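**Student:** have a look; sequence and predicted model below, questions after that.
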2 protein chains.
Amino acid sequence: MSLSEKNFAFVMHCGEMGSRWGFNRTIGQMCGLLIITKEPMTANEIADSLSISRGNVSMGIKELQSWQLIKVHHKPGDRKEYYAPAGGIWDMANRVFEERKKREIEPTLSLLRDNLLDEASNDDELYAQKQMGEIHNLLETVTKWSSELQRLTPEQLNKLMKLGSGIGKVIDLKDKIFKKE
Amino acid sequence: MSLSEKNFAFVMHCGEMGSRWGFNRTIGQMCGLLIITKEPMTANEIADSLSISRGNVSMGIKELQSWQLIKVHHKPGDRKEYYAPAGGIWDMANRVFEERKKREIEPTLSLLRDNLLDEASNDDELYAQKQMGEIHNLLETVTKWSSELQRLTPEQLNKLMKLGSGIGKVIDLKDKIFKKE
DNA sequence: ATTTAGTTTCTGAAATTACTGAAAGTTATT
DNA sequence: AATAACTTTCAGTAATTTCAGAAACTAAAT
């Protein structure tokens, strides 16, 4: 059961993009493959489809599990493990986003917090702290906001997205209404 | 003029994070260094502060310029080039975000567009296309929305951010108002 | 308790990426 | 047009990352 040309192209593209999305080529390919394949796949099928070693697949699976992007299925009377995406596209994107937030933002945030607790002991440090403060605020705002967004219902989210730049008007509107009260 | 211990720690941290943010270690360090240093720096000062080669600094500068993260200053009667961040923290974050969108989302989007134009020629391709369609929609929504956001004035944006989960209520509010009309 | 069907871990090789230092290039000054 | 003060490029080396394949491990079936 080998991939059609178009599907193969997509899987390879996921590979190229893999490293940009936070994992490596092989893992990107695995992820793409599982997404476009209807039926859950075994580790061996994955290795064959992508012509990579079984060991490599195993490591990839571990990694994808740590991102919570795939889940295991079992078929009755069959000892093999079958892997499939852990959710719809939207869920997966969300998980990638969350994970990246954890890796790209949180460590910095905690370093900055520590650093900002200390008194600056000279002029250079003072300026540095001012800048770090700004980065800190920015990152905090972003993280806070992104978790607020995730709290919205899908419909609300959808409306919000469709709203686009109209959001500006809504904000102004809200302002007017609540100023009156 | 060498870095204080705390500032040094910050710069090194930017290095570690560098690769996650889309560039490499050295470039991350350079970026951090320029951000917390009040005065624009020469390439040699950068090389010395970070103990890296002059050539490496030159390459890093080119890269940071391609991201539009730094700009050149000149002092009268001095031929050296002085480098400084190209804007405030917010601007820089924006630029990084834009650049990453270009690298991480756009190539995929165009592959998907191409792929979705073709008729699926069998069942596997049909399912694959369905999935690709979902990814396509998601990515389109995200890009469209993010460019909408950048169109807002800083104050509007600020209000929006502060709004947090209140956003849900505002959406509902807007719904009610416009349903009446 | 052996065999069998499967998964995981680990080592060293291969590929990729980053860095240095020297050479070449550029531009102002004399 | 020579020199001086810089910057950039690039070839080779160093460091890091990725990967295959073998060995170790686990658990079910006999």
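**Tutor:** Cool, got the structure.

**Student:** how about the spatially most central residue of chain A, phi and psi?
**Tutor:** Centroid-nearest residue in chain A, with C-alpha atoms, centre = their mean: residue A:96, separated by 1.4 Å. Phi and psi for residue A:96, reported as degrees, to the nearest 10, are phi -60, psi -40.

**Student:** so it touches residue A:67, yeah?
**Tutor:** Yes - taking contacts as C-beta atoms under 8 Å, residue A:96 lies within contact range of residue A:67: 6.8 Å. Using the backbone N, CA and C atoms, a C-beta is placed for each residue, glycine as well.

**Student:** distance check, residue A:134 against residue A:5.
**Tutor:** 50 Å (C-beta to C-beta, to the nearest Å).

**Student:** check residue A:139 too.
**Tutor:** To residue A:5, residue A:139 is 43 Å away according to C-beta to C-beta.

**Student:** residue A:51 and DNA strand D: what is the separation?
**Tutor:** 6 Å (C-beta to the nearest atom of the strand, to the nearest Å).

**Student:** so what's the residue count around that residue?
**Tutor:** Residue A:51 has 6 neighbours, counted by other C-beta atoms under 10 Å in any protein chain shown.

**Student:** list the contacts of it.
**Tutor:** By C-beta atoms under 8 Å, 6 or more residues apart in numbering or on different chains, no residues touch residue A:51.

**Student:** on that earlier part again, who's more crowded, residue A:139 and residue A:5?
**Tutor:** Per other C-beta under 10 Å, whichever of residue A:139 and residue A:5 has more neighbours is residue A:139, with 19 against 9.

**Student:** residue ranges of the helices in chain A, please?
**Tutor:** Along chain A, the stretches classed as helices by DSSP state H are A:5-21, A:25-36, A:43-50, A:54-66, A:89-100, A:106-117, A:123-151, A:154-163, A:166-180.

**Student:** so which of those helices comes closest to DNA strand C?
**Tutor:** With C-beta to the nearest atom of the strand, the closest approach to DNA strand C among the helices of chain A belongs to helix A:54-66: 2.9 Å.

**Student:** state the distance from the residue of chain A found nearest DNA strand D to residue A:15.
**Tutor:** Residue of chain A nearest DNA strand D, by C-beta to the nearest atom of the strand: residue A:55 (2.5 Å). As for residue A:55, its distance to residue A:15 is 18 Å (criterion: C-beta to C-beta).

**Student:** between those two, which one's more packed in?
**Tutor:** Ranked by neighbour count (other C-beta under 10 Å), residue A:55 and residue A:15 place residue A:15 first, with 20 against 10.

**Student:** just checking, the more buried one touches residue A:31?
**Tutor:** No - at 9.2 Å, residue A:15 does not count as touching residue A:31 under the criterion of C-beta under 8 Å.

**Student:** pick the most deeply packed of the helices of chain A.
**Tutor:** Among these, ranked by average contacts under mean count of other C-beta atoms under 10 Å in any protein chain shown, first place goes to helix A:25-36 (a mean of 23).

**Student:** ok, residue A:42 - how many residues close by?
**Tutor:** 16.

**Student:** who's it bridged to?
**Tutor:** residue A:82 (DSSP bridges).

**Student:** report pLDDT for it.
**Tutor:** Residue A:42 carries a pLDDT score of 96 in this model.

**Student:** circling back to that earlier point, where's the residue nearest to the centre of chain A relative to residue B:64, distance?
**Tutor:** Distance of residue A:96 to residue B:64, computed by C-beta to C-beta: 26 Å.

**Student:** cool, and residue A:176?
**Tutor:** 43 Å.

**Student:** likewise for residue A:132?
**Tutor:** Distance of residue A:132 to residue B:64, computed by C-beta to C-beta: 19 Å.

**Student:** what pLDDT, on average, does stretch A:110-126 get?
**Tutor:** Mean per-residue pLDDT for stretch A:110-126: 95.

**Student:** how about it and chain B, touching?
**Tutor:** Yes - Stretch A:110-126 lies within reach of chain B by C-beta under 8 Å from any C-beta of the partner chain, at A:111, A:112, A:115, A:118, A:121, A:122, A:124, A:125.

**Student:** tell me the confidence at the residue of chain A closest to DNA strand D?
**Tutor:** Note for residue A:55: predicted pLDDT of 94.

**Student:** quick one, what contacts it?
**Tutor:** With C-beta under 8 Å, 6+ apart, residue A:55 has no contacts at all.

**Student:** likewise residue A:33?
**Tutor:** Residues near residue A:33 by C-beta under 8 Å, 6+ apart: A:3, A:11, A:14, A:41, A:46, A:49, A:50.

**Student:** ok, residue A:7 next?
**Tutor:** Residue A:7 neighbours (C-beta under 8 Å, 6+ apart): A:36, B:124, B:125, B:128.
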